[in-house]
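In: sequence plus predicted model, see below.
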Amino acid sequence: MKKGKKLYEGKAKIIYATTDKNLVIQYFKDDATAFNNQKKSIIEGKGVLNNRISEHILSNLSQIGIKNHLVKRLNMREQIIKLVEIIPIEFVVRNVATGSITKRLGIEDGTVLKEPLIEYCLKDDKLGDPLIAEEHIYAFDWATKKEIEKVKKMILRINDFMIGMFRGVGIKLIDFKLEFGRYKSNGKSEVILADEISPDTCRLWDSITDKKLDKDRFRKDLGDLIPAYTEVAKRLGILHEQSNVSAVNVTKLSSVKRKRK
Ligand code: TMP
Ligand code: ASP
């Protein structure tokens, strides 16, 4: 399978065509953005870590029957994924209140929610991904009731699985964002989980110290983003405990790979 032309470039990833019309290549960039692109930086090695962490989570989700877009990881920065028509909704799942909900509703930071809360945001950068009600989704035909019912069931299973997976390695899953898409094959359309799941799209706190191990390190200028993402990868068993993956090492590895292409 050959890599074709660039189809789409987002804030953190690039999608390339392949010779198979149902499959595309997803390339993980090192770009970090926050507050709808108002804050930007390049953090060397971030794409390499997110590629690995997302591969680990999505392949574990496949094993419990959650269909998703991942076919296989190709190299340090790329994965083959199924081409889907993205449902233009960002599904935010919260277990503990922090971030935008605390400001929007005046909820105290760190409040543990009685049950997971699903919020819907319209995926539109120009509008700043506004929060919407479920009714907006049907009013404007962004997805059908049947699709959203299926998505909600998938979300709750994904959340249960991920809470357990992270708890097992001493990490609290505070909240995260998911995207879903329609995969069309053999004349049928099926809703599957799409996009990455990584410390860019989740809030992850150390179980004992509440240390932030996610993109809030960039959003809040806490520094040490690469060591935090590396810690997540190590605890999940993706990187060996002994391997001292510093930003420099990750960058070296990724540039070696890039030169070879
Ligand atoms: P928020 O508190 O800023 O609304 O974020 C909730 C969760 O969603 C948090 O884990 C970060 C993630 N998220 C994204 O992945 N992409 C986004 O564009 C936003 C706003 C949040
Ligand atoms: N990814 C979003 C942005 O670029 C927001 C965020 O993750 O905080 O702006």
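Out: Perfect, I can see it now. Ligands and ions are numbered 1, 2, ... in the order given.

In: please count neighbours and contacts with C-alpha atoms only from this point.
Out: OK.

In: so what's the residue in the chain positioned nearest to ligand 2 closest to, chain neighbours aside?
Out: Here the residue of the chain nearest ligand 2 is N36; by CA to the nearest ligand atom that distance is 2.9 Å. In this structure, N36 finds its nearest non-sequential neighbour in G128, 6.1 Å apart by CA to CA, 6 or more residues apart in numbering.

In: from A143, how far off is that neighbour?
Out: Distance, G128 to A143, using CA to CA, to the nearest Å: 20 Å.

In: between those two, who's got more neighbours?
Out: It is A143, of G128 and A143, that has more neighbours when counted by other CA atoms under 10 Å, with 18 against 13.

In: in a strand, that one, correct?
Out: No - checked against DSSP: H, G, I helix; E, B strand; the rest coil, A143 lies outside a strand; its state is coil.

In: which pLDDT value belongs to the spatially closest residue to it that is not a sequence neighbour?
Out: What sits nearest to A143 in space, not counting adjacent residues and going by CA to CA, 6+ apart, is I137, at 6.0 Å. Model confidence at I137, given as pLDDT, is 98.

In: E147 is in contact with I137, correct?
Out: No - counting by CA atoms under 8 Å, I137 sits too far from E147 to count as a contact (10.6 Å).

In: the two: who's more crowded?
Out: Shown here are I137 and E147; by other CA under 10 Å, I137 has more neighbours (20 against 16).

In: what distance do you get for the more buried one to S189?
Out: Counting by CA to CA - I137 and S189 are separated by 19 Å.

In: repeat that for I42.
Out: 37 Å.

In: one more: S41?
Out: 38 Å.

In: pull up the residues of the stretch 1-150 of the chain that are close to ligand 2.
Out: T33, A34, F35, N36, N37 (CA under 6 Å from any ligand atom).

In: ok, and the closest non-adjacent residue to the second one?
Out: Looking back up the chat, that one is A34. R219 is the one closest to A34 (CA to CA, 6+ apart), at 6.0 Å.

In: and I101, by the same measure?
Out: Per CA to CA, 6+ apart, closest to I101 is I107, 6.9 Å.

In: and the one you found, how many neighbours?
Out: 14.

In: can you offset everything so residue one is 9?
Out: Done: numbering now begins at 9, and the last item shifts to I115.

In: wait, doesn't it sit right on V104?
Out: No - taking CA under 8 Å as the definition, I115 is not a contact partner of V104, at 10.4 Å.

In: just the buried ones out of the residues of the stretch 9-158 of the chain next to ligand 2, please.
Out: Buried by 16 or more other CA atoms under 10 Å: T41, A42, out of those.
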